[in-house]
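J.: let me see the structure of the following:
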Amino acid sequence: GLRQRCGEAEGEARMAHERERVALDRLKRLEDGEAGMEVRISSLQTEASRLAAELRVTKDEAVACKRAEQDAVADLDVHKGHIAKKTQELSEMRASQRKHASEEAERVARERDEWQQERNQLTKKVAALERA
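T.: Prediction:
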């Protein structure tokens with residue numbers, strides 16, 4: 001959208017510049033010609049002034065569009081940096097969670113083995129006491 005608007009504004013600036021040049025050329029020919037064309041000359045001068053003003057406005061718009069595009073690109077770069085940082089943080093958190101889950105699973109397995117051994121020992125003691 002922004003690039004297209006910039007391109008359109010630059011195209012309009014070129015067209016306005018060309019129209020101004022054409023108008024100025026016609027004005028020159030008329031001034032070199034008959035003096036009776038004063039009304040037409042005045043009209044062309046007005047048109048040339050209007051086109052020059054239009055050209056200035058269009059050029060300003062093109063500059064503003066270019067600046068807005070540069071700002072948008074800079075904002076995008078900042079957002080990409082934030083996304084990369086958050087992605088890295090998330091990756092580190094997931095790795096930490098996996099490590100913690102693995103350690104917890106190992107601890108639970110050890111405790112289960114210890115309880116199983118205690119249970120077996122208690123079962124043997126109960127059996128020995130029942131035989132006694």
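J.: quick one: low-confidence ranges for the protein?
T.: Counting by pLDDT under 70, the chain contains low-confidence residues at 34-37.
J.: pull the longest helix from it.
T.: helix 38-131 (DSSP state H).
J.: packing partners for it?
T.: For helix 38-131, the contact count by 3 or more Cβ pairs under 8 Å, 6 or more residues apart in numbering; DSSP states H and E identifies helix 2-32 as packing neighbours. To be clear about C-beta, it is placed using only N, CA and C from the backbone, and glycine gets the same treatment.
J.: coming back round to it: got the angle for the longest helix of the chain vs helix 2-32?
T.: Interaxial angle, helix 38-131 versus helix 2-32 (axes from the mean of the first three to the mean of the last three Cα atoms, to 10 degrees): 170 degrees.
J.: centroid residue for this structure?
T.: Nearest to the geometric centre of the chain sits Leu76, at 2.8 Å (Cα atoms, centre = their mean).
J.: how much space separates that one from Val108?
T.: Applying Cβ to Cβ, to the nearest Å, the value for Leu76 to Val108 is 47 Å.
J.: how far off centre is stretch 14-27?
T.: Relative to the centre of its chain, stretch 14-27 is centred 38 Å away, using Cα atoms, centre = their mean, to the nearest Å.
J.: quick one on the thing from earlier: if I look at the residue nearest to the centre of the chain, how far off is Lys86?
T.: Going from Leu76 to Lys86 by Cβ to Cβ gives 15 Å.
J.: and if you look at Gln121?
T.: Distance of Gln121 to Lys86, given as Cβ to Cβ: 52 Å.
J.: again with Ala52
T.: Remark: distance between Ala52 and Lys86 (Cβ to Cβ) = 51 Å.
J.: more neighbours: those two, which one.
T.: With neighbours defined as other Cβ atoms under 10 Å, Ala52 and Lys86 compare such that Ala52 has more, 16 against 10.
J.: contact partners for the more buried one?
T.: Contact analysis of Ala52 by Cβ atoms under 8 Å, 6 or more residues apart in numbering lists Glu20.
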